[in-house]
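Asks: using only what follows, build the 3D model:
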Amino acid sequence: MRSHARLFTAGILSLFLAGCPSPPQDTQKFPAKAETVPVLAPPSSPATSPAYSPPAEPPKAKNGSGPPMPNGTHEAKGDAEAASAASAPGKLMERRPASAAVAASAEASPEFAADSALLARRDAYRQQLKQAAYAFNPLTPIKVATPVTVFFWIDPAAEPLRLADELKTALLKLRPNEAPLAESGQLDWSPKMRATLTGDDFLITPTEARDFDGTKNIYANRRTEWSWDIKARRVGESLPLHLRVWAILPKSLGEPDEVLKLDKLIQVEVTWTWLLDEFWEKYWKWLLGGLGTALAGAVAAWWKSRQPKAADN
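Replies: As a prediction, the model looks like this:
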């Protein structure tokens, strides 16, 4: 009985399926797969969709580049992109060469151009200066508070060693009992030069005049002499003494140019007269007070010694 019911149900189901149409094959929905590399179908455009309705086209931007932004944000975005492009790492910025920068600064600054021209003319003048011999006698050791004379000579026509020998001969005549010392060399010379001798531990006076600034005209065929009387203010093993020499340039070329700089350490020795003077200067009040006290005591003792004898008489 049950087998007959099953057969009847199967017959009814087969007749129903035979009467229904078969569904169409959708190749787009179920694409065939490639054996090696899968092929992806391009995305469908919204315009192909039956429910698509294109929106109203917004107005274009004024500069015509990029999508439009409301309330001027397109211009702000462009500026931000330009700033980020300028500061972004890895992007090379255009740089001018150093010569172009100097030329631009010279064109923009007349003062810079004038200073450059002045320096060029000073260098050209300095290169034309010739060499001259000099001699100098740094006296050491010397006695404290004792005046001595220091000489500095310039001679464009002499050799340095010969000029030093001439200075030693002149010093030997001034101080026969002392062995003269002199050093020599070469320097650039100009028609007018200036020489100064300074030192904080010395009292220095030019022999020409007290207010002499050291400027002299230079002779091309004979020597020019400077001299100073110096006196040490205190005792010391190495007191600094400074000699400076400048070439005086034409006024159109600016300040004088230093051509020689000598720094010497002078040994200054003590003397008995200086010790007595220093002791008296520092302690004269106490010395006078002590002497007065001693004198007053001696007078009082003498007076007392005279009183008993007068009473006996």
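
Asks: where does the stretch 151-300 of the chain dip in pLDDT?
Replies: 278-292, 296 (pLDDT under 70).

Asks: can you map out the helices along it?
Replies: 160-174, 272-312 (DSSP state H, counting those that start in this stretch).

Asks: state the pLDDT value of residue 126.
Replies: Looking at residue 126, its pLDDT stands at 92.

Asks: OK, contacts around it?
Replies: Contact analysis of residue 126 by CB atoms under 8 Å, 6 or more residues apart in numbering lists 188, 247, 257. To be clear about C-beta, it is placed using only N, CA and C from the backbone, and glycine gets the same treatment.

Asks: next, count neighbours for residue 166.
Replies: Residues lying near residue 166 (other CB atoms under 10 Å) number 17.

Asks: mind checking how far it is from residue 193?
Replies: 19 Å (CB to CB, to the nearest Å).

Asks: which of the contacts of residue 126 tops the neighbour count?
Replies: Within these, residue 247 tops the neighbour count with 21 neighbours, counted by other CB under 10 Å.

Asks: these two touch, right, that residue and residue 191?
Replies: No - assessed by CB atoms under 8 Å, residue 247 is found out of contact with residue 191, at 9.1 Å.

Asks: let me see the ranges of the strands in the stretch 101-250 of the chain.
Replies: According to DSSP state E, counting those that start in this stretch, the stretch 101-250 of the chain carries its strands in the segments 130-136, 142-143, 148-155, 183-189, 192-198, 202-206, 215-217, 224-232, 236-247.

Asks: any chance of these in a markdown table, plus distance to residue 271?
Replies: Below are the strands of the stretch 101-250 of the chain laid out as a markdown table (distance: least, CB to CB, whole Å):
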| stretch | distance to residue 271 |
| --- | --- |
| strand 130-136 | 26 |
| strand 142-143 | 5 |
| strand 148-155 | 13 |
| strand 183-189 | 26 |
| strand 192-198 | 23 |
| strand 202-206 | 16 |
| strand 215-217 | 34 |
| strand 224-232 | 10 |
| strand 236-247 | 14 |
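
Asks: out of those strands, nearest to residue 172?
Replies: Closest to residue 172 of the strands of the stretch 101-250 of the chain is strand 148-155 (CB to CB; 12.5 Å).
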